[in-house]
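**Student:** coordinates for the following, if possible.
(2 chains)
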Amino acid sequence: GQNIDQPTEMTATEGAIVQINCTYQTSGFNGLFWYQQHAGEAPTFLSYNVLDGLEEKGRFSSFLSRSKGYSYLLLKELQMKDSASYLCAVRNNAGKSTFGDGTTLTVKP
Amino acid sequence: NAGVTQTPKFRILKIGQSMTLQCTQDMNHNYMYWYRQDPGMGLKLIYYSVGAGITDKGEVPNGYNVSRSTTEDFPLRLELAAPSQTSVYFCASSYSLGAGPTPNSQETQYFGPGTRLLVL
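**Tutor:** Next comes the predicted model:
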């Protein structure tokens, strides 16, 4: 089976940087995804890591260490619209993805 | 492309009633998924399919059934609705592993807008 852990809630200030961590245990690892979900809406894709290292996409970056079962999502230059839930998901070789319970990020002025 | 569409958007059921949640995608994705999301929680996989005619159970399949007669459609059936099935249901689709266009981020799951179900 797969087990995903991420913090329940985080708070940060507009313009700051925040790092959301995700640890996982899985067999047959085949990729880690980060999704953003605003209240009442569907999740939308943010980033994907399958190899160790950092992937950068504008204000968002994601890091993966497969040996440690660890990933983080880094959000820079926070904006009020970044207030949302951030979901970490791990995919296995069968194509099944297991989601963490999500981290609710609140950005304050 | 319309992407992933779901109907209905919202439904109230009485205990013991049955219904089908519809899901259609027009991206020619082989993989399709059904998730439920309870308040403040992540997504729990109910069933998934890797292609037409093939379905498999996820983490929480009890009380649900699925079929995949075409690539585009993946309906979810609730036979005897129970209050524990009150939730938001998301359908998603993706390319097969390694079959999407590069870069690999195209293998992400694309989600429908969700169906809110209330069982009373």
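
**Student:** host element of the residue nearest to the spatial centre of chain B?
**Tutor:** Geometric centre of chain B, nearest residue: residue B:34, 2.5 Å, by C-alpha atoms, centre = their mean. Secondary structure assignment for residue B:34, by DSSP states H and E: strand B:31-37.

**Student:** what residues does chain A have near chain B?
**Tutor:** Contact residues (C-beta under 8 Å from any C-beta of the partner chain) of chain A with chain B: A:4, A:30-31, A:33, A:41-45, A:47-48, A:50, A:87, A:89, A:93, A:95-102. Every C-beta, even on glycine, is put in place using the N, C-alpha and C of the backbone.

**Student:** filter those residues down to just the ones in helices.
**Tutor:** Within the residues of chain A next to chain B, no residue falls in helices by DSSP state H.

**Student:** just the buried ones from those?
**Tutor:** Buried subset of these (neighbour count, 16 or more other C-beta atoms under 10 Å in any protein chain shown): A:4, A:30-31, A:33, A:42-43, A:45, A:47-48, A:50, A:87, A:89, A:95-102.

**Student:** excluding chain neighbours, what is closest to the residue nearest to the centre of chain B?
**Tutor:** residue B:46 (4.4 Å; C-beta to C-beta, 6 or more residues apart in numbering or on different chains).

**Student:** show me the shaky parts of the chain.
**Tutor:** No chain specified, so I'll use chain A. A:1-2 (pLDDT under 70).

**Student:** the intended chain is chain B.
**Tutor:** B:97-106.
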